[in-house]
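Novice: Based on what follows, work out the 3D shape:
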Amino acid sequence: MSENQDQKISLQAMELDEEKARELEEKFDSEIRFRKLTTYGSYLVGFLLIVLSIFHYYTAGFGLLQEMVHRGIHLSFVLALVFLVFPLTKRGYDKTPRSTLFTPFGIPIYDWLLAIGAVVAVAHVPLIPLDDLAFRVGNPTPTDVFLGLLLIVLLLDATRRSVGWPLPIICIIFMAYAIFGPYMPSILVHPGNSVSQLVNHLYLTTQGIYGLALGVVATYVFHFVLFGVFASRIGLGQLFLDCAAWVAGRFAGGPAKVSIFGSALFGMISGSSVANTVTVGSLTIPAMIRLGYKRNFAAAVEAASSTGGQVTPPIMGAAAFLMIEFLNLPYTTIILAAVVPAFMHFFGVLMQVHFEAKRSGLRGLRPDEMPDVKEALKRDWPTIIPLVALIGVLVSGYTPYLAAFWGITLCVVVGLLNPRRRMSISEVMVCLRDGAKYALAVGAAAATVGIVIGVVTLTGVGFKLSYIVTSTAAQMASFSGSIIPAVMFSQTTLTLLFTLLMTGVVCILMGCGIPTTANYIIMVTIAAPALVLLGVEPIVAHFFVFYYGLLADITPPVALAAYAAAGMAGSDPFKTGNTAFRLGLGKALVPFVFVFSPSLLLVTKDFNLPDFLLAFFGCAFGIVCLGAALSRFMLVPTKAWENLLLVLAAFLMIAPELYSTVLGVVLVIPVLLRQMRGLQIQKALPA
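Specialist: So this is what the prediction gives:
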């Protein structure tokens, strides 16, 4: 029992400080950390951000512009602002801003020139009449080639500044592959392309920079992020946290479970791992530490929970909106498919937190330490109206951006009229400014990923990589089949299993260097076709890649959510990242389960209730087993042989064929018997 448990751990007076949350987010999330500007420079950048938000708000409600024009305006603002607010090197963040002839508004003159060059290069294509553009595709003019090359170089630099080196390096490798195709080894050989042909494909068509990824950010993602900022500002996030404390606070390790439930609810409106972490964590991390959790574990709980913001309906993350376009499915279908995976994500973290609390003897919150949920509902019930309206518009069959438009509109109305938490006009402007901040890094990254997609469509390398993956998996399955009895796993099952394992590992490795959304796009383009070739439904393949890509935010050395939580807890960032990754492993079984039992996603064509129930409870049972093994505790501390059996049982559940499922249950029985006997002995001991 920790001595810290005697301290008062009150959540009653804890209220979200929006200003503090923004400061923490800017401190720990490099994607929205801007260089220091002069006062007038801040006004200028703020004005441009507000204009960008108003443009998207207006077009969401009154009609999008022609495709290339809409994407061009969005990308022009994004790239120009990236060069104005992200310095050339990290040392630029520490420089004292001065307004001189060579640094107007505290921004170096070369960054002004790069911003202007980006606007010119981006605007060139949308300004070409469609009839002329149709004839120039495949036969670009020297001006087209020059401006296309300029845009590619500036786009890579903008992405480097905002999200780091890994994604630009990946794009450079892909472009080199497109040009030097004849010199590639074996199956990767292709005729090759000239620089002019490559620029033509990436710049003048919608298969590259102006493609699907940029379009989704410009027409879906921006609007929902803006809605999340407004919803949090009017008090919906505070209401969610109060409800989470009331539901989960009384149980063992109370603040940690409040963190999980609070992150789940707040994730409904944020769609951002880091935003989730700093907002919810500013309240829950100090409470967890005071209760007795180690600092790195408290931070890891918040980070692991907060990654669920990207899979929690109805907002989810940018990748969910990309699914709409990739799969040509309505957003309501994506939301429905995400329900069970989101539940399993939080359930996986919850089980490890519960076992840790029981192992350490940590108490729950007392009634006098929890907020009054009745008072919270009485105070903040109007804040639910925009979310209900947004969901209502979505399920009525209207476009997601129209749903976001009405959600934002009602947020403003509620904010201006709610006497208990009234929002001023200046706060509305701050929300518009902050909403656009999130668009810069993700917008640059989305356009850059368009280069990867463009090379894949130009060279056909995606099918070649899919063949390499499936053939390698088949060889591994053939070798394993000579060892494992065929009655347990068929050759087809083993091939699919090894393909999934390789895809999952690559997703995690890619997540070590690039953001979740970029990871998803690249893996969907390259790896998902391999799963489809093996008979996996497209939506299932996309969710598998999406789900494993989520680990990017808690996978060192990037682990943005984990590092943000570590900074708030005062813990070691790398230890926090490793612990968060371990907490996230409990849900690593889920993607395997819904590949072998697609009914778990609810919307697959072969859905039936018996298969769903079997998969659901099998998955939950597997998560409990793996969580107990990783925590080294179930009913009492586990022994080494019990942990081994629990891990084996958990993995046997991922391929729910009859014999493997039965064997998994059989393996757990001796563990349960030993645990129950150990609990009886523990109870019989004198207090």
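Novice: Now do the same contact list for the spatially most central residue of the chain.
Specialist: For the chain, Q310 is the residue whose C-alpha lies nearest the centre (Cα atoms, centre = their mean; 4.2 Å). Contacts for Q310 were tallied using Cβ atoms under 8 Å, 6 or more residues apart in numbering; they are G267, G271, S272, S273, M316, G317, A319, A320, T516, L550. Using the backbone N, CA and C atoms, a C-beta is placed for each residue, glycine as well.
Novice: Does the first one belong to a helix, a strand or coil?
Specialist: What that stands for is G267. helix (DSSP: H, G, I helix; E, B strand; the rest coil).
Novice: Find the residue closest to it in space, skipping its chain neighbours.
Specialist: Leaving aside its sequence neighbours, G267 sits nearest to G309 (Cβ to Cβ, 6 or more residues apart in numbering; 3.2 Å).
Novice: any idea how far that neighbour lies from I315?
Specialist: G309 sits 8 Å away from I315, going by Cβ to Cβ, to the nearest Å.
Novice: list residues touching both of these two?
Specialist: The contact sets of G309 and I315 overlap at G267, S270, G271 (Cβ under 8 Å, 6+ apart).
Novice: most surrounded residue in these?
Specialist: G267 (31 neighbours; other Cβ atoms under 10 Å).
Novice: Tell me which residues touch it, please.
Specialist: N276, S306, G308, G309, Q310, V311, T312, I315.
Novice: quick one: which of those is most hemmed in?
Specialist: Using other Cβ under 10 Å as the neighbour test, the contacts of G267 are led by S306, with 35 neighbours.
Novice: in which helix or strand would I find the closest residue to that residue other than its chain neighbours?
Specialist: Nearest residue to S306, sequence neighbours excluded (Cβ to Cβ, 6+ apart): N276, at 3.6 Å. In the assignment (DSSP states H and E), N276 maps to helix 273-291.
Novice: other SSEs contacting that helix?
Specialist: When contacts are defined as 3 or more Cβ pairs under 8 Å, 6 or more residues apart in numbering; DSSP states H and E, helix 273-291 packs onto helix 18-28, helix 236-248, helix 254-270, helix 295-306, helix 560-569.
Novice: at 10 Å what do you get?
Specialist: helix 18-28, helix 222-233, helix 236-248, helix 254-270, helix 295-306, helix 331-360, helix 425-459, helix 560-569 (3 or more Cβ pairs under 10 Å, 6 or more residues apart in numbering; DSSP states H and E).
Novice: Return the most buried member of those helices.
Specialist: Comparing the helices and strands packed on helix 273-291 by mean neighbour count (mean count of other Cβ atoms under 10 Å), helix 295-306 comes out on top with a mean of 31.
Novice: Dump that helix to CSV, keeping only the CA atoms.
Specialist: Presented in CSV, the C-alpha positions along helix 295-306 are these (Å, rounded to 0.1, in the frame of the first residue of the first chain):
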residue,chain,number,x,y,z
ARG,A,295,5.2,8.6,-12.7
ASN,A,296,6.1,6.8,-15.9
PHE,A,297,3.1,4.4,-15.5
ALA,A,298,0.7,7.3,-14.9
ALA,A,299,1.9,9.0,-18.0
ALA,A,300,1.8,5.8,-20.0
VAL,A,301,-1.8,5.1,-19.0
GLU,A,302,-2.9,8.5,-20.3
ALA,A,303,-0.8,8.2,-23.5
ALA,A,304,-2.1,4.7,-24.3
SER,A,305,-5.7,5.7,-23.6
SER,A,306,-5.5,8.8,-25.6
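Novice: circling back to that earlier point, contacting residues around the residue nearest to S306?
Specialist: 25, 228, 237, 262-264, 266-267, 269-270, 302-303, 305-310, 312, 553, 561, 564 (Cβ atoms under 10 Å, 6 or more residues apart in numbering).
Novice: same thing with L458?
Specialist: Listed by Cβ under 10 Å, 6+ apart, the contact partners of L458 are 174, 177-178, 181, 190, 193, 197-198, 200-202, 205, 207-208.
Novice: Am I right that V603 is in contact with P341?
Specialist: No. Contact criterion Cβ atoms under 10 Å: V603 and P341 do not qualify, at 11.9 Å.
Novice: domains for this structure, by residue range?
Specialist: 34-181+197-208, 620-687 (automatic domain parsing).
Novice: Could you export those as TSV, including mean pLDDT and distance to I384?
Specialist: Formatted as TSV, the domains of the chain follow (pLDDT from 0 to 100; distance: least, Cβ to Cβ, whole Å):
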stretch	mean pLDDT	distance to I384
domain 34-181+197-208	94	21
domain 620-687	88	29
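Novice: Just send those domains back as CSV, with distance to A337 too.
Specialist: Below are the domains of the chain laid out as CSV (distance: least, Cβ to Cβ, whole Å):
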stretch, distance to A337
domain 34-181+197-208, 24
domain 620-687, 18
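Novice: now the ones you listed in JSON lines, with mean neighbour count?
Specialist: Below are these laid out as JSON lines (neighbours: other Cβ atoms under 10 Å):
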{"stretch": "domain 34-181+197-208", "mean neighbour count": "18"}
{"stretch": "domain 620-687", "mean neighbour count": "18"}
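Novice: which one of those lies closest to P598?
Specialist: The closest of the domains of the chain to P598 is domain 620-687. By Cβ to Cβ, the value is 11.4 Å.
Novice: I'd like the distance from the closest one to the chain centre, please.
Specialist: The chain centre lies 31 Å from the centre of domain 620-687; the measure is Cα atoms, centre = their mean, to the nearest Å.
Novice: just stretch 348-363 next, same as before
Specialist: With Cα atoms, centre = their mean as the basis, stretch 348-363 stands 25 Å off its chain's centre.
Novice: What of stretch 518-528?
Specialist: Distance of stretch 518-528 from its chain centroid, counting by Cα atoms, centre = their mean, is 14 Å.
Novice: repeat for stretch 26-41
Specialist: Using Cα atoms, centre = their mean, the offset of stretch 26-41 from its chain centre is 22 Å.
Novice: Then stretch 504-516?
Specialist: Offset of stretch 504-516 from its chain centre (Cα atoms, centre = their mean): 12 Å.
Novice: then that stretch to CSV, C-alphas only?
Specialist: Output in CSV follows, covering the C-alpha atoms of stretch 504-516 (Å, rounded to 0.1, in the frame of the first residue of the first chain):
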residue,chain,number,x,y,z
GLY,A,504,1.7,-5.4,-38.5
VAL,A,505,5.5,-5.3,-37.9
VAL,A,506,6.0,-2.9,-40.9
CYS,A,507,3.1,-0.7,-39.6
ILE,A,508,4.8,-0.4,-36.2
LEU,A,509,8.3,0.2,-37.7
MET,A,510,6.8,2.9,-40.1
GLY,A,511,5.1,4.4,-37.1
CYS,A,512,8.5,5.0,-35.5
GLY,A,513,9.1,7.7,-38.0
ILE,A,514,6.0,9.1,-39.5
PRO,A,515,2.6,10.3,-38.3
THR,A,516,-0.4,7.9,-38.0
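Novice: Go through it and flag the buried ones.
Specialist: Neighbour counts over stretch 504-516 (16 or more other Cβ atoms under 10 Å) mark G504, V506, C507, I508, M510, G511, G513, I514, P515, T516 as buried.
Novice: Report the rounded mean pLDDT for that stretch.
Specialist: For stretch 504-516, the mean pLDDT works out to 80.
Novice: Averaged pLDDT, the helix holding N276. What do you get?
Specialist: 85.
Novice: Run the angle between that helix and helix 331-360 for me.
Specialist: 20 degrees (axes from the mean of the first three to the mean of the last three Cα atoms, to 10 degrees).
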